[in-house]
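Enquirer: Okay, sequence plus prediction incoming.
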Amino acid sequence: MATKKQYLRDPVEHIDPTSFNAIPMIEQMEKMAFQARNFAYACAIVDRMVREDLTVILTIAGCTISAGMKKCLVQLLRENVVDVVVSTGATMVDMDLLEALGFKHYIGSPAVDDEELRQLHIDRIYDTYIDEDDLRVVDETTRAIARSLPPRPHSSREIMAAFGAHLAENGKGEESVLRTAYEMEIPVFTPSFSDCSAGFGFVKHQVEDPPPHVTHDSVADFRELTHIKVTQGETGIIMLGGGVPKNFTADTVVCAEMLGHAVPMHKYAVQLTVADERDGGLSGSTLKEAHSWGKVDDIAEQMVFSEFSLTFPLMVSYLHHRGTWRTRKAKRLQSLFEVFAPLRVASLRRTSAVVPHPR
């Protein structure tokens with residue numbers, strides 16, 4: 001039996017989209033066919049979102065950070081390409097917060113003995129490993145952050161801002177999505193909040209600490225993201241994968257209309273996915289189909305059927321080297337919400353040091 005150290009030997013390294021220029025390749029793809037041409041068109045659409053200064057929403061469902069794309073995400077935030085993030089909880093907490101606390105994802109293989117991994121407290125994401133004991137520190141950190149917040153329902157946007165504040169105040173995670181978004185006042189929503197280490201941490205908070213408790217208000221998430229749509233008007237969406245973040249974001253148009261606001265459909269949208277539309281699943285439903293629901297306009301939308309660890313770094317490199325973002329100012333949409341101001345100076349210093357507890 002191999003040792004834990006032998007398995008957790010080679011960390012995943014994050015690709016730097018500024019270290020190469022993808023523009024020549026993508027421009028040649030425009031003259032190709034199939035997904036190459038679709039991808040080139042998608043890159044042009046995103047560049048148009050930035051050039052027209054739409055409010056750009058990035059949705060994430062899938063293993064971006066564990067797969068080595070953290071720098072790509074952070075680059076989009078720092079260069080003001082993205083104004084709002086809607087993500088699965090796993091991406092923001094199990095992956096981004098994990099690395100912000102100093103832990104790593106490791107290169108692995110699907111051809112291993114998973115029972116052996118289980119006994120060693122190693123979790124596998126296809127060909128990537130995570131130390132389960134590190135995830136327990138993430139669980140405990142989320143519990144500590146929960147205890148530092150006012151005991152009331154919070155939107156995930158508030159909670160993610162508190163995570164970013166915790167990292168900033170403790171000098172951690174300078175290259176993390178959560179801290180970068182916090183410092184740039186970019187709202188981060190995780191509507192599937194409990195489906196990750198945050199869920200474990202908040203459950204422990206509610207079980208072990210006397211009420212009243214801190215809770216996640218998913219309806220507040222929907223209301224707040226709809227408020228962004230109402231106040232910002234024209235919007236564009238970059239979708240990585242599908243799932244809850246995709247539909248949650250698209251639905252804001254319908255919700256706004258239900259509340260009596262005449263808002264435009266999401267003007268532009270692109271999706272990088274391997275999901276298939278033929279089984280009726282949400283993740284593979286086309287953006288053209290979303291037009292029938294009144295969610296996405298048909299001016300310029302593009303599906304790219306490709307696994308996004310191949311396409312997303314190329315897209316970010318293309319956008320970086322195109323340089324359209326250089327004249328775009330940060331929208332700082334956290335300022336739309338009064339409750340963000342206290343979180344910027346929240347009393348998170350009460351958070352005690354956390355240590356892994358036995359499995």
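Expert: Received, thanks.
Enquirer: does the closest residue to P11 other than its chain neighbours belong to a helix or a strand, and which?
Expert: Among residues not flanking P11 along the chain, K104 sits closest, at 4.2 Å (CB to CB, 6 or more residues apart in numbering). Where C-beta positions appear, they are placed from N, C-alpha and C, glycine not excepted. Following DSSP states H and E, one finds K104 outside all helices and strands.
Enquirer: List the contacts of the closest residue to Y126 other than its chain neighbours.
Expert: Spatial nearest neighbour of Y126, excluding adjacent residues (CB to CB, 6+ apart): P110 at 5.6 Å. P110 makes contacts with 124, 126-127, as judged by CB atoms under 8 Å, 6 or more residues apart in numbering.
Enquirer: So P110: helix, strand or coil?
Expert: Following DSSP: H, G, I helix; E, B strand; the rest coil, P110 is assigned to coil.
Enquirer: so where is the stretch 251-359 of the chain shaky, pLDDT-wise?
Expert: Low-confidence segments of the stretch 251-359 of the chain, defined by pLDDT under 70, span residues 339-359.
Enquirer: which SS class is F248?
Expert: Under three-state DSSP, F248 falls in the helix class.
Enquirer: What number of residues are in the vicinity of it?
Expert: Using other CB atoms under 10 Å as the criterion, F248 is surrounded by 21 other residues.
Enquirer: same question, E234
Expert: Each residue near E234 was counted by other CB under 10 Å, and the total is 17.
Enquirer: May I have the residues that are in contact with it?
Expert: Going by CB under 8 Å, 6+ apart, E234 touches 52, 54-55, 264, 267.
Enquirer: Distance check, A61 against K295.
Expert: 17 Å (CB to CB, to the nearest Å).
Enquirer: Okay, strands next: where are they in this structure?
Expert: Taking DSSP state E, the strands of the chain run over residues 55-60, 84-88, 106-107, 122-125, 128-131, 153-154, 188-192, 215-216, 235-240, 266-273, 296-305.
Enquirer: which ones are touching the residue nearest to the spatial centre of the chain?
Expert: By CA atoms, centre = their mean, the chain has its centre lying nearest to S87, at 3.7 Å. Residues in contact with S87 (CB under 8 Å, 6+ apart) are 59-61, 188-190, 245.
Enquirer: Over to G243?
Expert: For G243, counting by CB under 8 Å, 6+ apart, the contacting residues are 61-62, 88, 192, 282-283.
Enquirer: ok, those residues vs P11, which is closest?
Expert: P11 has its nearest neighbour among the contacts of G243 in G62, at 19.9 Å by CB to CB.
Enquirer: between the contacts of S87, which is nearest L77?
Expert: V188 (9.7 Å).
Enquirer: Apart from its chain neighbours, what residue comes closest to the closest one?
Expert: Closest residue in space to V188, ignoring its immediate chain neighbours: M160 at 4.0 Å, by CB to CB, 6+ apart.
Enquirer: picking that back up, dihedrals phi and psi, the residue nearest to Y126?
Expert: Main-chain dihedrals, P110, degrees, to the nearest 10: phi -70, psi -10.
Enquirer: distance of it from D127?
Expert: Between P110 and D127 the computed distance is 5 Å (CB to CB).
Enquirer: Likewise for P187?
Expert: Applying CB to CB, the value for P187 to D127 is 33 Å.
Enquirer: Comparing those two, which residue is more hemmed in?
Expert: Set P187 next to D127 and count neighbours by other CB under 10 Å: P187 wins out with 27 against 14.
Enquirer: Hmm, the more buried one is touching R157, no?
Expert: Yes - between P187 and R157 a contact is recorded at 4.9 Å, counting by CB atoms under 8 Å.
Enquirer: any common contacting residues for these two?
Expert: Here P187 and R157 have 224, 334, 337 as joint contacts, going by CB under 8 Å, 6+ apart.
Enquirer: Sort out which of the residues you listed are in helices and list them.
Expert: E224 (DSSP state H).
Enquirer: still on that earlier bit, with the contacts of G243 in mind, which one is nearest to E183?
Expert: T88 (22.1 Å).
Enquirer: measure that closest one to T59 for me?
Expert: Using CB to CB, T88 is found at 9 Å from T59.
Enquirer: joint contacts of these two?
Expert: Counting by CB under 8 Å, 6+ apart, the residues touching both T88 and T59 are P245.
Enquirer: Tally up the residues packed near H166, please.
Expert: H166 has 26 nearby residues by other CB under 10 Å.
Enquirer: again, but for the one 3 residues further on
Expert: Other residues within reach of E169 by the criterion other CB under 10 Å amount to 14.
Enquirer: how close does it get to M92?
Expert: 18 Å.
Enquirer: Equivalent analysis for V188, please.
Expert: Distance from V188 to M92, counting by CB to CB: 6 Å.
Enquirer: between those two, who's got more neighbours?
Expert: More crowded of V188 and M92, by other CB under 10 Å: M92, with 31 against 27.
Enquirer: you'd agree that one is up against F189?
Expert: No - M92 is beyond contact range of F189, at 9.4 Å (criterion: CB under 8 Å).
Enquirer: shared neighbours of those two, which are they?
Expert: M160.
Enquirer: Just the buried residues of stretch 242-258, please?
Expert: Within stretch 242-258, the residues that qualify as buried by neighbour count (16 or more other CB atoms under 10 Å) are 242-253, 255-256.
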